[in-house]
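>>> A predicted structure for the sequence below; I have some questions about it.
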Amino acid sequence: MIQHLVERLTWADEPAAVDTLATAFADYPLFPPLCPNPLRRPAVIQAFCRFLYRTAVRNGGAYGTADRTAVVCSWPVGSEWSGLWNDIRSGGLSLAWQIGWHATRLLLQLGNHLNSACRKHVPEAHCYVPLLAVRPEAQGQGLSRVVLQIVFNNADYQKVPVYLETMKEANVVIYQRLGFELVGYRIVAGGLPNWEFLRKSH
């Protein structure tokens with residue numbers, strides 16, 4: 001089926017890809033503390049997803065189904081630690097301006113906590129997946145596995161693990177079914193729960 005063809009995404013795919021990401025993450029636990037105002041929250045979610053999408057495109061790690069119903073943002077080996085310059089080039093300053101100082105400070109604290117957890121579990125080279133999204137109307141069809149497979153293939157070829165985390169408890173069993181092992185859990189900045197996963201190379 002055509003929607004199961006996976007393509008590397010580019011800057012031209014940003015509107016459709018970010019729309020899928022923002023729609024899928026509309027109820028993600030991160031965003032109420034990041035933006036308490038529900039009227040402003042959709043714009044904040046869009047800005048956050050756009051920033052991570054641009055980082056993935058810049059690193060050559062954004063993939064999606066042909067109809068953009070499912071999208072994965074990954075940071076391949078060599079790009080797994082996003083530096084300040086790369087963040088700026090991907091629109092970090094614009095994101096900070098849009099979400100405000102309080103939210104930016106929370107994001108920086110979260111970044112430190114998440115990086116600390118990641119370094120504990122995978123101090124060596126790895127692939128990191130900051131975002132994986134399937135549009136709500138297409139969930140339950142195996143599309144997460146479809147878009148992740150190219151990430152898995154690349155990681156296996158390089159013999160490195162794949163790391164990701166989630167703040168949504170319902171995702172825990174999903175990632176376990178996709179072949180990830182739950183390797184950690186902690187409460188991070190903002191009182192948010194964080195489950196940490198690792199898939200070893202095959």
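Noted; the coordinates are in hand.

>>> And for Asp27, the neighbour number?
The local packing count at Asp27 equals 11, with neighbours defined by other C-beta atoms under 10 Å. All C-beta atoms are positioned from the backbone trio N, CA, C, and that covers glycine.

>>> what do you get for Cys127?
Look at Cys127: counted by other C-beta under 10 Å, it has 26 neighbours.

>>> Who does it form a beta bridge with?
Going by DSSP bridges, Cys127 is paired in beta bridges with Val162.

>>> next structured bit after the lowest-mean-pLDDT helix or strand in the chain?
Among the secondary structure pieces of the chain, namely its helices and strands, helix 84-89 has the lowest mean (mean pLDDT, DSSP states H and E), a mean of 60. Sequence-wise, the next helix or strand beyond helix 84-89 is helix 92-99, with elements assigned using DSSP states H and E.

>>> what's the average pLDDT for that next one?
What helix 92-99 shows for mean pLDDT is 82.

>>> For that helix, buried residues please.
92, 95-96, 98-99 (16 or more other C-beta atoms under 10 Å).

>>> Over to stretch 31-42?
Of the residues in stretch 31-42, those buried under the neighbour-count criterion (16+ other C-beta under 10 Å) are 31, 34-35.

>>> Mind naming the longest helix for the chain?
What stands out as the longest helix in the chain, according to DSSP state H, is helix 101-121.
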